[in-house]
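Trainee: Need a 3D model of the following:
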Amino acid sequence: MYPAINPGLVRNLEKLGLTENEGKTYAGLVSLKEATAREVHGLTGVPRAKVYDILKTLSRKGFVEVRQGSPVYFRAVDPKHVIGRIKDDLFTCAIEALDQLNELSYEIPRSSPVWCIQSEWGIRKRVREILDNVRDELIVFSTNPEFLGEFESDLKKLEKNCRLILIVDDLKKFREMPFDFKETGKEFGDFVRNLFIDGVQYTEDCFIIADGKESIAVHTAGDQREAVVIRLPVVCHLQKLIYNWLVEGGFTIGTHL
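Mentor: Below you'll find the model as predicted:
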């Protein structure tokens, strides 16, 4: 009885361009060193009717060597050579694609002032881009200390060079962070943590207004985090007025654009 092929290994091979069955077949052949199609089928569970054709395909791709005979035997090419070649090819393709993309310069109508981002990596990248471009004033509202904490070093740098206004729903949650926070009223804090739209719960994790011209709202909808970026000065100005109204103790945020 053969041990099962590691699913994580198969997923990684898929990311390198193989199909699921190709990944299982190559991994199985690496384990067996040299084997017939029937033996590969027995180890991997790849359908017997497909495994021979898959092995031939892997041979054409440079993953497998073939020894003709009766039966035909297959041997896996050393993974160091295979993966090394793929890595080099991917790196070359990535560099060429980047150069080609940078050469593109089409005249298009004015882009939309509102964008939605739905990947964790994309959200963090966009937040950092906004923080990098702040010149005069940054307003941040957050209910999520873990998310805001990812940008602590960025905010510390900004603290020295611009007006930094940090507003939170609950001061106790953010006591580990080295900033002078302002607190909203409890009613608003409860509202942004428990907003339901069409049966889906929305929680506002972080809201940022940069120089009164651009804002990003990062929220969790159900179990999916997403962000909405707005580049409309009028809208951002109204957002500033709203936060001025919500903060406890009459804390005033400048209303000039």
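Trainee: Every contact and neighbour count from this point should use C-alpha atoms.
Mentor: Fine.
Trainee: what comes up buried for stretch 18-26?
Mentor: For stretch 18-26, a neighbour-count test (16 or more other Cα atoms under 10 Å) marks 18, 20-26 as buried.
Trainee: cool, stretch 127-143 as well?
Mentor: For stretch 127-143, the buried set under the neighbour-count rule, 16+ other Cα under 10 Å, comprises 127, 130-131, 134, 137-143.
Trainee: now stretch 66-75
Mentor: Going by neighbour count (16+ other Cα under 10 Å), the buried part of stretch 66-75 is 66, 73-75.
Trainee: Distance-wise, check the residue of the chain most remote from its centre relative to residue 36.
Mentor: Residue farthest from the centre of the chain, counting by Cα atoms, centre = their mean, is residue 70 at 49.9 Å. From residue 70 over to residue 36 the distance is 10 Å, taken as Cα to Cα, to the nearest Å.
Trainee: what's the answer for residue 138, then?
Mentor: Applying Cα to Cα to residue 138 and residue 36 gives a distance of 65 Å.
Trainee: and what of residue 154?
Mentor: Distance, residue 154 to residue 36, by Cα to Cα: 57 Å.
Trainee: Then residue 165?
Mentor: The gap separating residue 165 from residue 36 is 68 Å, by Cα to Cα.
Trainee: Comparing these two, which residue is more hemmed in?
Mentor: Between residue 165 and residue 36, counted using other Cα atoms under 10 Å, residue 36 has the larger neighbour count: 21 against 18.
Trainee: Now the nearest residue to the more buried one once chain neighbours are set aside, what are its backbone angles?
Mentor: Nearest-residue entry for residue 36: residue 73, 4.7 Å, with adjacent residues in sequence omitted and distances by Cα to Cα, 6 or more residues apart in numbering. Residue 73 adopts backbone torsions of phi -110, psi 150, taken as degrees, to the nearest 10.
Trainee: ok, now which ones touch residue 73?
Mentor: 34-37, 66-67 (Cα atoms under 8 Å, 6 or more residues apart in numbering).
Trainee: longest single helix anywhere in this protein?
Mentor: What stands out as the longest helix in the chain, according to DSSP state H, is helix 79-103.
Trainee: and after it, which helix or strand comes next?
Mentor: Downstream of helix 79-103, the first helix or strand assigned by DSSP states H and E is strand 114-117.
Trainee: buried sites along that following strand?
Mentor: residue 117.
Trainee: CA atoms only: put the helix or strand following it into PDB for me.
Mentor: Next helix or strand after strand 114-117 toward the C-terminus (DSSP H and E): helix 120-133. C-alpha atoms of helix 120-133 as PDB (Å, rounded to 0.1, in the frame of the first residue of the first chain):
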ATOM      1  CA  GLU A 120      -5.500  41.000   1.200                       C
ATOM      2  CA  TRP A 121      -2.200  41.700  -0.600                       C
ATOM      3  CA  GLY A 122      -3.800  44.400  -2.800                       C
ATOM      4  CA  ILE A 123      -5.500  46.100   0.200                       C
ATOM      5  CA  ARG A 124      -2.300  46.400   2.100                       C
ATOM      6  CA  LYS A 125      -0.400  47.600  -0.900                       C
ATOM      7  CA  ARG A 126      -2.900  50.300  -1.600                       C
ATOM      8  CA  VAL A 127      -3.000  51.400   2.100                       C
ATOM      9  CA  ARG A 128       0.800  51.800   2.000                       C
ATOM     10  CA  GLU A 129       0.700  53.700  -1.300                       C
ATOM     11  CA  ILE A 130      -1.700  56.200   0.300                       C
ATOM     12  CA  LEU A 131       0.400  56.500   3.400                       C
ATOM     13  CA  ASP A 132       3.600  57.100   1.300                       C
ATOM     14  CA  ASN A 133       1.900  59.900  -0.600                       C
END
